[in-house]
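Asks: Dropping the sequence and predicted coords here.
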Amino acid sequence: MEHELLTAMDDYKAIAELLIDKLIAETDQPEKAKIHAGHYFEIENADLLNGQETLSGNWWFDVHGEHCMFKNLTTGQILEVSLGRKESIGNLDPYFFYNFLETTKSLKHLTKYFNNPFSDMLNFFEKLDQQKVLTNVYGVQFRKLV
């Protein structure tokens with residue numbers, strides 16, 4: 001189970017990076033130069049260049065505060081991605097990661113190990129932090145080290 005969850009964390013980061021790249025490329029971001037320099041906190045809910053309602057691949061997005069929520073309108077998969085600097089993309093919040101598992105068909109079975117989506121996942125993250133697999137970035141945000 002732990003190995004599958006660690007692999008799911010890698011999958012989450014890879015999809016998050018792809019979606020952020022898609023968001024930057026497919027929207028009219030006013031601070032595009034700063035964003036390309038790694039200042040992802042400059043990302044906004046900008047207009048889509050294609051004139052559509054979603055990014056390619058049928059991804060809806062909503063930038064809010066320090067996060068961007070992506071939802072695939074075809075599959076229902078949800079990723080809540082931390083903004084900030086480029087390295088923040090891989091940050092994991094216990095509840096947001098649980099929600100990613102819950103909405104990803106091939107990973108949904110992993111949610112059965114967590115009765116309380118937030119606190120049980122937080123306990124798991126803290127255990128991985130003690131094992132030096134994750135590091136606590138701030139608050140309840142963690143980042144995978146290995």
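Replies: Nice, thanks for sending it over.

Asks: For this protein, just list every one of the helices.
Replies: With DSSP state H as the criterion, the chain has helices at 2-26, 32-36, 94-103, 117-130.

Asks: Kindly state the pLDDT recorded for residue 87?
Replies: What the model reports for residue 87 is a pLDDT of 86.

Asks: burial measure for it, as a count.
Replies: 12 (other CB atoms under 10 Å). For glycine as for every other residue, the C-beta is placed from the backbone atoms N, C-alpha and C.

Asks: Please list all residues in contact with it.
Replies: Shown in contact with residue 87 (CB atoms under 8 Å, 6 or more residues apart in numbering): residue 143.

Asks: Pull up the gap between the residue of the chain most remote from its centre and residue 24, please.
Replies: Computed with CA atoms, centre = their mean, the residue of the chain farthest from its C-alpha average is residue 51, at 24.8 Å. As defined by CB to CB, to the nearest Å, residue 51 lies at a distance of 17 Å from residue 24.

Asks: How about residue 100?
Replies: Counting by CB to CB, the gap from residue 100 to residue 24 is 21 Å.
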